[in-house]
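S.K.: Model the following, please.
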Amino acid sequence: MFKMVFEGDPGFGENDEISVVSEIRVNDIVVFEQVGPGQFQMRVLAAGEVESYEGQTFRAGKGDEPGSVRMTAL
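M.R.: Numbering: from 1, shown residues only. Alright, predicted model coming up:
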């Protein structure tokens, strides 16, 4: 898994398990959805979902370190 740096509260702890279920690109809007105790899925919102999604969203961007991703809360 790549390193993620958050600007904002992701809603999970550092020991929780994150599964990436869709390809993430720079500037994608992503969400972290709980699928079980201590288990979350990270996925990209489709264009039609962004406006109606009621949970916390993040914009994916390049992190400061090679191979890292900066998640900025929206």
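S.K.: make it CA atoms for all contacts and neighbour counts henceforth
M.R.: Noted.
S.K.: Partner strands of the longest strand along the chain and their direction?
M.R.: Identified as the longest strand of the chain according to DSSP state E is strand 29-36. Next to strand 29-36 in the sheet, as set by DSSP bridges, lie strand 39-44 (antiparallel), strand 58-62 (antiparallel).
S.K.: now the longest one: how far from the chain's centre is it?
M.R.: Going back to what we said before, that points to strand 39-44. 7 Å (C-alpha atoms, centre = their mean, to the nearest Å).
S.K.: Could I get the average pLDDT for it?
M.R.: Averaged across strand 39-44, pLDDT comes to 97.
S.K.: do the same with stretch 59-71
M.R.: On average, stretch 59-71 scores 93.
S.K.: Now the terminal residues of it, how far apart.
M.R.: 6 Å (C-alpha to C-alpha, to the nearest Å).
S.K.: now the longest strand of the chain: mean pLDDT?
M.R.: Strand 29-36 comes out at a mean pLDDT of 96.
S.K.: List the contacts of it.
M.R.: With C-alpha atoms under 8 Å, 6 or more residues apart in numbering as the test, strand 29-36 has contacts from 10-11, 24, 40-45, 50, 55-60.
S.K.: buried subset of those?
M.R.: Buried subset of those (neighbour count, 16 or more other C-alpha atoms under 10 Å): 10, 24, 40, 41, 42, 43, 44, 45, 57, 58, 59, 60.
S.K.: Tell me which residues touch residue 16, please.
M.R.: Residue 16 sits in contact with 38, 39, 40, where contact means C-alpha under 8 Å, 6+ apart.
S.K.: just the strands in this structure please.
M.R.: Going by DSSP E, the chain shows strands at 3-7, 17-20, 29-36, 39-44, 58-62, 68-73.
S.K.: Okay, buried residues for the third one please.
M.R.: Residues of strand 29-36 classed as buried under the neighbour-count rule (16+ other C-alpha under 10 Å) are 29, 30, 31, 32, 33, 34.
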